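*Asks:* Next come a sequence and a model predicted from it.
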Amino acid sequence: MAAGNPYTVKWGIMATGGIAETFCKDLLCDPKVRDAHDVRHEIVAVASSSSKKRAEEFLKTIDGAFDAKTYGSYPELVADPNIDIVYVATPHSHHFQNAMLALEAGKHVLCEKAFTVTAAQTRKLVETAKAKNLFLMEAVWTRYFPLSIQIRKRITSGEIGTVYRTIGDLSFNSNAAEGKGLSFADSHRMINVDLAGGAILDLGVYPLTWVFQTLYHLQPEQDKEAPTVVAASNKYTTGADENTAIICQFPRHNSLGVATTTLRAHSDPENDAVPVIRIQGSEGEIQVFFPAFRPLKYKVVKKNGESQLVDCPIPGDPARNGWGHGMFWEADECARCLRDGKKESATLPWTESIVIMETMEAALKQGGIEYPELITTDVYDPKSPLNTGNQ
Ligand SMILES: NC(=O)C1=CN([C@@H]2O[C@H](COP(=O)(O)OP(=O)(O)OC[C@H]3O[C@@H](n4cnc5c(N)ncnc54)[C@H](OP(=O)(O)O)[C@@H]3O)[C@@H](O)[C@H]2O)C=CC1
Ligand SMILES: O=C1OC[C@@H](O)[C@H](O)[C@H]1O
């Protein structure tokens, strides 16, 4: 690749919901605005399981990629020879079947979080990507923020000493205005068990990401250990978890992680009054501020009380009305991995995604949360209603 000639990745977008829109608007931002000069992104195809028309409307919504192909089904999308990588933006319930559909069609995959509904499904995705020599990554975008990279480096430098505990929370007060219910309709993906709803899989994955990237990811490869998991959940009337606390004990490193998530209270009701993530070491701690999925600042507090507040703003593209959400950094990681022939990201290796999924599965089990066989099976079925658009 000639110097100055950025590597181009051609994206196929699977689904046209909220996060697909946000991700695509980020892909349309000029990489140079975030000082990325070695990669660029093109949206070459979009599919809606609803209709081709929905996919066409989606291009107007993102205000770009007007020459992208539009499809009315996911199988048509994955058959498009012009796509390098598919971005799976369906509910958690669909991730396994949809990501398998793309892998089996020979496409690299970036799949939204939570990766799958069970650990066996994640293991099957990894096994398939390995067998077909394809790139696969879970879209835990927060890991690729400059803020997260700085924090990982400051821990590794020993600045806060030995880290013994990471506490994290991601919660929203979603109580209904009247009565004791939640503000979501029972059919909403947040609480609908047919869509693998619940706090753990949608929100809990973020405090767990902070627990893992500080207590697991930074350990030497040979010393990494899956945690002992103790968890408890309160269930909503739909059967999904509405309130969960997860303890991760790492005996080999004498450390403990605590991840909490609820739909009944807000992490930080006074806005920036309290840190939502605390990474606590022998010489001090690093505090990250709300929200755990898209933090814009952190504070280093030394044992003697000295502190340093660090702002990490997300750059906006003036040519795109100042838009910039922060999902472009995970997209850049995918592009660099494809350019360099890597099949997994060193920032979130397959093994780590599997261990985190095993942790969430243990929490779901201990909380008595159950999901239907259609969305928990690890048997790929191209004719599954999750792939044909009938579920
Ligand atoms: N990284 C982040 O910050 C965020 C990540 N997410 C993740 O993204 C995923 C999607 O979330 P979000 O975009 O908010 O969800 P939406 O409900 O807004 O969109 C989901 C899309 O999936 C498709 N879909 C296919 N089958 C179904 C079905 N049976 N029920 C509902 N939708 C279906 C639809 O697109 P179509 O009709 O076009 O096929 C729908 O628009 C989740 O895994 C979530 O965890 C969500 C929000 C933020
Ligand atoms: O990933 C996410 O981040 C923000 C939340 O509002 C959303 O429900 C979740 O899926």
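*Replies:* Happy to help now that I have it. Ligands and ions are numbered 1, 2, ... in the order given.
*Asks:* measure the residue of the stretch 1-150 of the chain found nearest ligand 1 to Ala55 for me?
*Replies:* Proximity of the stretch 1-150 of the chain to ligand 1 (CB to the nearest ligand atom) peaks at Gly17, 1.9 Å away. The C-beta positions use only the backbone N, C-alpha and C, and glycine is treated the same way. Distance of Gly17 to Ala55, computed by CB to CB, to the nearest Å: 12 Å.
*Asks:* and if you look at Leu218?
*Replies:* Counting by CB to CB, the gap from Leu218 to Ala55 is 41 Å.
*Asks:* do the same with Pro91
*Replies:* 18 Å.
*Asks:* returning to what we had before: quick one, which of Gly17 and Ala55 is more surrounded?
*Replies:* Ala55 (25 against 14; other CB atoms under 10 Å).
*Asks:* Leaving out the residues flanking it, which one is nearest to the more buried one?
*Replies:* Of all residues not flanking Ala55 in the chain, Thr70 sits nearest, at 3.7 Å (CB to CB, 6 or more residues apart in numbering).
*Asks:* Run a quick neighbour tally on the one you found.
*Replies:* 22.
*Asks:* Phe289 now?
*Replies:* If you count neighbours by other CB under 10 Å, Phe289 ends up with 21.
*Asks:* For it, give its distance to Ile149.
*Replies:* On the measure of CB to CB, Phe289 and Ile149 end up 17 Å apart.
*Asks:* before we move on, what about Arg264?
*Replies:* In terms of CB to CB, Arg264 sits 33 Å off from Ile149.
*Asks:* and if you look at Asp340?
*Replies:* Taken as CB to CB, the span from Asp340 to Ile149 is 18 Å.
*Asks:* For these two, indicate the residue with more neighbours.
*Replies:* Of the pair Asp340 and Ile149, Ile149 is the one with more neighbours under other CB under 10 Å, namely 14 against 8.
*Asks:* Could I get the contacting residues of Pro75?
*Replies:* By CB atoms under 8 Å, 6 or more residues apart in numbering, Pro75 lies in contact with 101, 382, 387-388.
*Asks:* Pick out the most distant pair among the residues you listed.
*Replies:* Leu101 and Thr388 (9.9 Å; CB to CB).
*Asks:* Between these two, point out the one with more neighbours.
*Replies:* Per other CB under 10 Å, whichever of Leu101 and Thr388 has more neighbours is Leu101, with 27 against 16.
*Asks:* Quickly find the element holding the more buried one.
*Replies:* helix 92-104 (DSSP states H and E).
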